[in-house]
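In: Take a look and give me a structure for this.
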Amino acid sequence: MHTNNIKNSTPFLNNKLIAICLAILPVVVQAQPEKAVIDKVVATVGSEIILLSEVQEQLSYARQQQQDLPDEYACIVLQNQLVQKLLVNQAKLDSVDVRDEEVENQLEARVERLRTYFNQDEQAIEEYYGQNVNAIKEQMRGDMRSQLLAERMQAKITEKATITPSEVKAFFNAIPPDSLPYFNSEVEVREIVYKPQVNAEEKAKARARIEEYRQRITEGGESFAELAKKFSDDPGSGSKGGDLGWQKRGTFVPEFEATVYNLEPDQISQVIETEFGFHIIQLLERRGNLVHARHILIRPEITEADLDIAIEKLDSIRQLILSNNVTFSTAVKVFGDKNTPSYNNDGRVANPRTGNTFFEVADLDTNIFFAIDGLNPGDITEPVPFRAPDGTRYFRLVQLQSRSKPHKADLKQDYNRIQAAALEQKKGDYIERWVLDKLQKTYLSIGNLYKDCPNLQLLLAQTQPERP
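Out: Okay, here's the model as predicted:
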């Protein structure tokens, strides 16, 4: 059960007519309404209250995801709110811990996605939401902490849930044949990602440039932020004057981290080199393990000669694999780029949309799609060029692992998917039993606005018959 989606993302799971279904609700930030609405409490569970505005915000968010929701969907939204508040209430009673830095990191990630959506234009964000980024973070902080508490409590409840092969089989056999999903043709691929090496001359040019910028700041009094905007090769922070926001220990690569955590506020580092290029760093603030810094990055230029050398290198690796002198798995570990997610997955490429290693054709990167077109399982492509989101140039060898034909869900072909769906249903059953049991011992009150919701009437009858 993917709890952030309105429709169940697992095709094997069917919603019960009226069920206790856990939804870890997304933290929503709303644009400021033209007219203020007087808020009020619509439900209480334990020491937690639910406001009308919370229900309306989640309902609005749901309708943005799926426009044809029934009118009574507000009843489901409130039910999900009740479950989440119950989890939060119990998490507080059980002293479940959510650290401040976890909340800040999640808030910063949400805000960064917001900046990306608005093309890094904070003025546009302020105009749309009626408040600046700091105010938006402050508005979301309480909801974010509650969400993390609910998620942690949910994990605690379901941590012992396991699934056996016989349970997977029983789960699959219980699905009516005409309800089995139909899967399109899918492929699995592995990759060896190789980063071209920059020659010594270009490295020297890049170092000289950033040494010059450091001198202009420390001796010439020029603005660090302005030079970052003009010259930094980091597309994420350059437009923001090099500002990296608040980050926790472990976020940066080792060389960068060792430097930034040894700076004093406002101090500017010496030039350092990382896998991304050459940096100078200025520490702005520090709070325990959280640091707020900015940097300027200068990447050495990759020449055509460097690219040709990389292609030759991958060609030789490909021949070693094809001649059985080295396995693909060994080649990944010896020659692959360690910062690539597939590196720690034996070269297997994960589908970011589903989380597994199966790709429908429409989900494949275009370059990979054309490279494997016509290949048989086990075949390996010639070196394929691509660019990372930050513009860094790479090459990769791609091996086609498997290619399935379109088919109806089958226990043999799709065991891993069916197993995952069965486990999610079992976790859902754990949560349902926990909720029904816990509500028998926890105060629950639903206001007049939603008292006629059938699902909530049933919930009250099941857990608190003495309180109609």
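In: Mind jotting down where the helices sit in the stretch 51-200 of the chain?
Out: With helices called from DSSP state H, counting those that start in this stretch, the stretch 51-200 of the chain shows them at 52-65, 73-93, 100-117, 122-129, 133-158, 165-173, 200-218.
In: out of those, nearest to residue 421?
Out: Each of those has some distance to residue 421 by C-beta to C-beta; the shortest is helix 165-173, at 7.2 Å. Any C-beta I mention is one placed from the backbone N, CA and C, and that applies to glycine too.
In: Contacts for that closest one, please.
Out: 12, 409, 411, 415, 418-419, 421-422, 425-426 (C-beta atoms under 8 Å, 6 or more residues apart in numbering).
In: do stretch 229-249 as well
Out: Against stretch 229-249 from outside (C-beta under 8 Å, 6+ apart): 101, 104-105, 108, 112, 120, 209, 213, 224-226, 228, 257, 261, 276-277, 282, 284, 287, 289-299, 390-391.
In: Between the two ends of that stretch, how far is it?
Out: From its first residue to its last, stretch 229-249 covers 25 Å (C-alpha to C-alpha, to the nearest Å).
In: tell me the mean pLDDT over it?
Out: For stretch 229-249, mean pLDDT is 90.
In: ditto for stretch 266-286
Out: Stretch 266-286 shows an average pLDDT of 95 in the prediction.
In: What are the buried residues along it?
Out: 268-269, 271-272, 276-284, 286 (16 or more other C-beta atoms under 10 Å).
In: now do stretch 335-347
Out: Using 16+ other C-beta under 10 Å as the test for burial, stretch 335-347 gives 335-337, 340, 342-343, 347.
In: which pair in the buried residues of stretch 266-286 spans the largest distance?
Out: Maximum pairwise distance in the buried residues of stretch 266-286, criterion C-beta to C-beta, is 24.4 Å, between 277 and 286.
In: just to revisit the earlier point, just the buried residues of stretch 266-286 now: which is nearest residue 129?
Out: Looking across those and measuring by C-beta to C-beta, the closest to residue 129 is residue 284, at 24.8 Å.
In: helix, strand or coil for the closest one?
Out: Secondary structure assignment for residue 284 (DSSP: H, G, I helix; E, B strand; the rest coil): strand.
In: Could you measure from it over to residue 245?
Out: Distance, residue 284 to residue 245, by C-beta to C-beta, to the nearest Å: 10 Å.
In: any common contacting residues for those two?
Out: Counting by C-beta under 8 Å, 6+ apart, the contacts common to residue 284 and residue 245 are residue 292.
In: can you pull out the strands in the stretch 151-300 of the chain?
Out: For the stretch 151-300 of the chain, the strands defined by DSSP state E, counting those that start in this stretch cover 182-183, 186-194, 243-248, 272-274, 277-287, 290-298.
In: Of these, which is nearest residue 374?
Out: In terms of C-beta to C-beta, the element of the strands of the stretch 151-300 of the chain nearest to residue 374 is strand 186-194, at 12.3 Å.
In: domain ranges for this protein?
Out: For the chain, automatic domain parsing gives the domain ranges 41-177+413-463, 183-197+303-407, 200-298.
In: how far is the shortest one from where the chain is centred?
Out: Spelled out, that is domain 200-298. Put simply, domain 200-298 sits 26 Å off its chain's centre (C-alpha atoms, centre = their mean, to the nearest Å).
In: Would you mind measuring the gap between the ends of that domain?
Out: End to end - C-alpha to C-alpha - domain 200-298 spans 15 Å.
In: Same question for stretch 124-144.
Out: Using C-alpha to C-alpha, the end-to-end distance of stretch 124-144 comes out at 23 Å.
In: neighbours around residue 98, how many?
Out: 18 (other C-beta atoms under 10 Å).
In: Sitting in helices, which of the contacts of helix 165-173 do you find?
Out: Of these, the ones assigned to helices by DSSP state H are 415, 418-419, 421-422, 425-426.
In: Give me the residue ranges of the chain where confidence is low.
Out: For the chain, the stretches with pLDDT under 70 are 1-38, 465-468.
In: Settle this for me: residue 430 is touching residue 156, isn't it.
Out: No - between residue 430 and residue 156 there is no contact under C-beta atoms under 8 Å: 10.6 Å.
In: rewinding a little: for the buried residues of stretch 266-286, please prepare CSV with the additional fields distance to residue 40.
Out: Formatted as CSV, the buried residues of stretch 266-286 follow (distance: C-beta to C-beta, whole Å):
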residue, distance to residue 40
268, 53
269, 53
271, 59
272, 56
276, 52
277, 55
278, 57
279, 52
280, 54
281, 50
282, 48
283, 46
284, 42
286, 42
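In: Tell me the one among these nearest to residue 320.
Out: Using C-beta to C-beta, residue 276 comes nearest to residue 320 of those, at 28.9 Å.
In: wait, isn't the closest one in contact with residue 298?
Out: No - the pair residue 276 / residue 298 is not scored as a contact, 9.7 Å apart, by C-beta under 8 Å.
In: distance of the closest residue to residue 252 other than its chain neighbours from residue 215?
Out: Excluding the flanking residues, the one nearest residue 252 by C-beta to C-beta, 6 or more residues apart in numbering is residue 260, at 6.6 Å. Between residue 260 and residue 215 the distance is 20 Å, computed by C-beta to C-beta.
In: When those two are compared, which one has more neighbours?
Out: Taking other C-beta under 10 Å, residue 260 and residue 215 do not tie; residue 260 has more neighbours (24 against 11).
In: Ends of stretch 396-416, what's the gap?
Out: 28 Å.
In: now swap in stretch 252-267 and tell me
Out: End-to-end distance of stretch 252-267 (C-alpha to C-alpha): 18 Å.
In: And the contacts of it?
Out: Residues external to stretch 252-267 that are found in contact with it (C-beta under 8 Å, 6+ apart): 249-251, 269, 272-276, 279, 281-286, 291, 293, 295.
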